[in-house]
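Trainee: Got a predicted model here, sequence first, then my questions.
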Amino acid sequence: MRVLVIGSGGREHALAWGLTRSNDVEVVCAPGNPGTADLATNIAVDIRDRSAVVDLARGIDADLVVVGPEEPLVLGVADALRDKGILAFGPGADGAALEGSKAWMKEVLEDAGVATARHGTFDATSEAGALAFLGTLPGLYVVKTDGLAGGKGVVVTESIAEARDAVRGYLSGERFGDAGRTVVIEEGLSGPELSILAVCDGHDAVALAPAQDFKRIGDGDTGPNTGGMGAYSPVPLATPAVVHDVMRDGVERTLAVLRRRGIDYRGVLYAGMMLTVDGPKMLEYNVRFGDPECQVIVPRFASDLATLLTEAASGALKTDVRWRDDACVTVVIAADGYPASPRTGDEIIGVEAAAARPETIVFHAGTSRSLDGRLISAGGRVLDVTATGPTIAEARARAYDAVSMISCAGMQFRRDVASAW
Ligand code: AMP
Ligand code: GLY
């Protein structure tokens with residue numbers, strides 16, 4: 001079969017890698033990156049353009065289209081494909097609003113009776129109410145843009161002054177344009193974070209292996225939030241009982257509410273949880289594979305990925321999902337200046353040697369080729385250096401060995417990914 005993977009990051013490289021391990025699967029990536037070019041055909045496309053994606057899928061006679069990033073999902077790319085009878089993995093715009101509108105997501109959580117942080121939703125006409133609501137919170141303030149803000153729209157702060165500034169900056173449109181003109185304000189929770197990704201077929205859901213990512217740029221969880229600086233799987237904290245509870249009390253209730261509202265959710269539902277002293281609480285839903293969580297989940301997958309995604313897209317999950325016992329760790333190499341203003345165009349040396357190490361895969365995230373064929377940085381997160389091993393510690397040691405072979409001017413990476421094990 002021929003599978004079209006939409007996107008160009010490390011997540012899409014990992015998906016393409018996993019799909020090519022299925023029998024008789026040929027992968028086309030659009031637009032892909034220099035890493036996917038080694039195992040698939042890359043074709044340029046504007047992934048926000050629904051008809052361009054449909055034309056491409058038709059043109060290459062794709063049997064399945066896997067939409068990686070949230071933006072095309074929120075824009076209805078999966079709907080456009082399904083409208084033309086093309087099998088698509090990824091929710092339609094209606095379901096993708098779980099990520100596209102945090103206010104709507106909170107409403108769905110309430111309807112489903114899923115535990116979440118105490119919160120309020122405010123727009124520019126209710127700034128005074130927003131500021132007053134902040135005053136009722138116990139001391140850790142969280143302010144979020146309603147709309148997509150590339151992972152940068154969340155402020156978590158102990159300073160009410162900073163929280164107030166965020167509210168004003170968001171509601172005025174100054175900081176994130178229309179995405180911030182509605183805000184969700186919530187009480188800050190504390191506890192370890194856990195991502196549970198479930199593959200859904202509209203009715204049923206199957207949990208993937210748990211993964212944990214490292215959101216802050218600096219060691220010891222310091223500095224600004226990023227898209228994720230590393231991840232590992234399995235997560236000792238995520239016992240089968242925890243996963244079972246998150247599926248039953250979170251994901252399945254949410255799917256039931258979506259169904260009741262006429263939403264046929266086929267794709268990944270990514271539950272971002274915090275394990276608080278009062279039990280697990282849902283911080284967010286994403287409507288796609290996590291990045292870089294996907295990069296540690298796919299290498300551990302022991303069933304057939306193309307079959308699983310095809311079944312979900314067809315509304316008929318039945319594959320028995322199995323996992324390798326090996327652990328997997330990924331360390332993100334980010335560009336100088338990331339996350340505020342990443343510098344691009346720096347030459348990257350050593351990727352081939354690193355990837356030749358045992359049990360090591362280097363997924364490309366933000367790379368491109370210069371005119372003379374050199375590998376150069378082309379985004380904030382540049383590479384996901386990934387390794388497996390019998391234990392988290394061994395996988396981690398291999399991943400860091402491989403990182404030490406790679407150089408790129410100004411590169412940043414965390415030294416404490418998965419270091420607790
Ligand atoms: P979100 O995009 O909603 O997941 O927020 C991004 C990150 O902000 C989360 O992964 C948490 O680290 C943090 N965060 C979000 N909501 C809260 C909350 N209510 N309390 C504490 N931290 C939060
Ligand atoms: N790593 C967090 C995310 O994909 O949203």
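Mentor: The structure has been received and is ready for your questions. Ligands and ions are numbered 1, 2, ... in the order given.
Trainee: Start from the N-terminal end of the stretch 151-300 of the chain and give the helices.
Mentor: 160-171, 240-246, 252-260, 293-297 (DSSP state H, counting those that start in this stretch).
Trainee: quick one, which of these is packed in tightest?
Mentor: Highest mean neighbour count of the helices of the stretch 151-300 of the chain: helix 293-297, a mean of 30 (counted as mean count of other Cβ atoms under 10 Å). From N, CA and C alone the C-beta is placed, and that goes for glycine too.
Trainee: and Phe363, what element?
Mentor: Using DSSP states H and E, the element containing Phe363 is strand 360-364.
Trainee: just how off-centre is that strand within its chain?
Mentor: 17 Å (Cα atoms, centre = their mean, to the nearest Å).
Trainee: same check, this time on stretch 37-55
Mentor: In terms of Cα atoms, centre = their mean, the centre of stretch 37-55 is set 20 Å apart from its chain centre.
Trainee: of all the helices of the stretch 151-300 of the chain, which lies closest to Asp111?
Mentor: If you check each of the helices of the stretch 151-300 of the chain against Asp111 by Cβ to Cβ, helix 252-260 wins as the nearest, at 5.0 Å.
Trainee: Just give the strands next to the longest strand anywhere in the chain in its sheet, each with its orientation.
Mentor: For the chain, the strand that runs over the most residues, judged by DSSP state E, is strand 266-276. Paired strands of strand 266-276, with direction, are strand 193-201 (antiparallel), strand 279-286 (antiparallel) (DSSP bridges).
Trainee: Which strand residues bridge the nearest residue in space to Glu359 that is not next to it in sequence?
Mentor: In this structure, Glu359 finds its nearest non-sequential neighbour in Thr388, 4.7 Å apart by Cβ to Cβ, 6 or more residues apart in numbering. Judged by DSSP bridges, the bridge partners of Thr388 are Cys328.
Trainee: Burial check on Thr388, number of neighbours?
Mentor: Applying other Cβ atoms under 10 Å, we find 22 residues neighbouring Thr388.
Trainee: Wait, it touches Trp323, no?
Mentor: No. The criterion here is Cβ atoms under 8 Å, and Thr388 misses it with Trp323 at 11.4 Å.
Trainee: Now for the two: what residues contact both?
Mentor: Common contact partners of Thr388 and Trp323 (Cβ atoms under 8 Å, 6 or more residues apart in numbering): Arg300.
Trainee: and the stretch 251-400 of the chain, which of its residues are near ligand 1?
Mentor: Counting by Cβ under 6 Å from any ligand atom, the stretch 251-400 of the chain comes close to ligand 1 at 272, 283-284.
Trainee: Buried ones only from the residues you listed, please, as a PyMOL command.
Mentor: To isolate the buried ones among these in PyMOL, judged by 16 or more other Cβ atoms under 10 Å, type:
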select buried, resi 272+283+284
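Trainee: Return the residues in contact with the residue nearest to Glu359.
Mentor: Neighbour list for Thr388: 299-300, 324, 326-328, 359, 395, 398 [criterion: Cβ under 8 Å, 6+ apart].
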